[in-house]
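Engineer: Requesting a structural model of the entry that follows:
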Amino acid sequence: EWPGRLRDAGPTVLVALLLVGSVGAGSMGYSIQGEVVYETQTAYQELRVVDRGDTRTLYLDGQRHSAMDLDDPTRHVFDYTRYFHLPFLMADDPDEIDRVLFVGGGGFSGPKRFVEEYDATVDVVEIDPAVVGAARNYFALDEYEGRGNGTRGRLNVHVGDGREFLRETNHTYDLIVLDAYKQDKVPFQLTTVEFVRLAKERLSEDGMLFANLISAPSGPGSEFYRAEYKTVSRAFPQVYAFRTSPSSAVQNVELVATRSEDRLSEAELLARNDRRSVGLDLGDEVRSYMPPPETDDVPV
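Structural biologist: Below is the predicted model of the structure:
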């Protein structure tokens, strides 16, 4: 994940240098990011939980991965997680999104908000058991897991690889959210046309696939986004793209793929945003709607 909106390359370089140069002082010590409340080396990555003011942040291999408001655990701290709700505007009937799968857990920001906001069952598959443990101990996952908030949705956690989980599950999902990429570590098995087709097979008749990519939306750094757009388009008739920053820098780029042959315009989505209550106003997110990119020079 690459949380936050990047305004230009200067701050990006500075942040990268700060992260690389940061030195933790051990558990319950301090780092340049704030107070370190927990850290460990997992089988997959370095994990660190850091408090700064009212915000608790999960760092994986030195990069911000998830964040939680300690006073409001389901508030979206990072802008990009608000885009997870776009499928509720794209669905003909948002109340029919009954079962959701998140591939990638992190701090479980999206899944917790979904069970708080919607009457839906939310499954999450996360490959690193240490991440799940940290989420339970430090990101309030245990308050939502297995029982939702007591009156609405239900949250189920599975430890394993996302592609293997999809291959083996007998569940059908109305929405699959792919949130397993980092800026510099992309699980190749979750990028292929075979994986996209597998995900489509696990979707309901009107189901959608959401993918959080880290790429530039245009220019020299956009190859990964454009290649994934081309790949997803091999399986789905409509693919939508939304940028999370007005700049051309590397950022979170969100894809939403649908089975519908009809394409929704930005104006139609804005009208739905005015009519529907999906838990938050998505007007700014809808206005980041991008036209289909050129893909002739990138591979599937």
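Engineer: which residues in the protein form strands?
Structural biologist: 30-31, 34-41, 46-52, 55-60, 63-69, 99-103, 121-126, 154-159, 173-178, 203-215, 238-243, 251-258, 289-290 (DSSP state E).
Engineer: By mean pLDDT, show me the worst of the ones you listed.
Structural biologist: Of all these, the minimum mean pLDDT falls on strand 30-31 (a mean of 73).
Engineer: now the strands of the chain as a markdown table including distance to residue 134?
Structural biologist: For glycine as for every other residue, the C-beta is placed from the backbone atoms N, C-alpha and C. Converted to a markdown table, those look like this (distance: least, C-beta to C-beta, whole Å):
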| stretch | distance to residue 134 |
| --- | --- |
| strand 30-31 | 16 |
| strand 34-41 | 6 |
| strand 46-52 | 6 |
| strand 55-60 | 7 |
| strand 63-69 | 10 |
| strand 99-103 | 16 |
| strand 121-126 | 10 |
| strand 154-159 | 12 |
| strand 173-178 | 20 |
| strand 203-215 | 20 |
| strand 238-243 | 29 |
| strand 251-258 | 22 |
| strand 289-290 | 34 |
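Engineer: Endpoints of stretch 189-203, how far apart?
Structural biologist: The first residue of stretch 189-203 is 19 Å away from its last residue (C-alpha to C-alpha, to the nearest Å).
Engineer: again, but for stretch 253-271
Structural biologist: Start-to-end, stretch 253-271 (C-alpha to C-alpha) is 23 Å.
Engineer: what about the helices in the stretch 1-150 of the chain?
Structural biologist: 9-21, 87-90, 109-117, 129-138 (DSSP state H, counting those that start in this stretch).
Engineer: Lowest average confidence across these, which one?
Structural biologist: Within those, confidence is poorest for helix 9-21, with a mean of 37 (mean pLDDT).
Engineer: Find the nearest non-adjacent residue to the residue nearest the centre of the chain, please.
Structural biologist: Nearest to the mean C-alpha position of the chain, by C-alpha atoms, centre = their mean, lies residue 179 at 3.7 Å. Distances taken as C-beta to C-beta, 6 or more residues apart in numbering place residue 104 nearest to residue 179, at 4.0 Å, with adjacent residues excluded.
Engineer: That neighbour - how many residues pack around it?
Structural biologist: The local packing of residue 104 (other C-beta atoms under 10 Å) involves 26 other residues.
Engineer: Surely it is in contact with residue 126?
Structural biologist: Yes. Using C-beta atoms under 8 Å, residue 104 is in contact with residue 126, at 6.4 Å.
Engineer: Name the residues of stretch 89-100 that come out as buried.
Structural biologist: Applying a neighbour-count criterion of 16 or more other C-beta atoms under 10 Å, one finds 89, 90, 91, 94, 97, 99, 100 buried in stretch 89-100.
Engineer: Let me have the residues you listed in TSV, extended by distance to residue 281.
Structural biologist: Converted to TSV, those look like this (distance: C-beta to C-beta, whole Å):
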residue	distance to residue 281
89	11
90	16
91	17
94	15
97	19
99	25
100	21
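Engineer: so how far is stretch 258-270 from its chain's centroid?
Structural biologist: Centroid separation for stretch 258-270 versus its chain: 21 Å, with C-alpha atoms, centre = their mean, to the nearest Å.
Engineer: wait, I meant stretch 223-231
Structural biologist: 17 Å.
Engineer: Show me the contact partners of that stretch.
Structural biologist: 186, 191-193, 196, 211, 213-217, 239, 241, 253, 255, 292-295, 297-300 (C-beta atoms under 8 Å, 6 or more residues apart in numbering).
Engineer: Using neighbour counts, give me the buried entries of the residues you listed.
Structural biologist: Of the contacts of stretch 223-231, these count as buried by 16+ other C-beta under 10 Å: 186, 191, 196, 211, 213-217, 239, 241, 253, 255, 293, 295, 298.
Engineer: Tell me the one of the residues you listed nearest residue 50?
Structural biologist: Closest approach to residue 50 among the buried ones among the contacts of stretch 223-231 (C-beta to C-beta): residue 214, at 20.7 Å.
Engineer: Might one say that that closest one is in contact with residue 250?
Structural biologist: Yes. Using C-beta under 8 Å, residue 214 makes contact with residue 250 at a distance of 6.4 Å.
Engineer: I'd like to know how many residues surround the residue nearest to residue 67 when sequence neighbours are not counted.
Structural biologist: Spatial nearest neighbour of residue 67, excluding adjacent residues (C-beta to C-beta, 6+ apart): residue 77 at 3.9 Å. Residue 77 has 19 neighbouring residues, counting by other C-beta under 10 Å.
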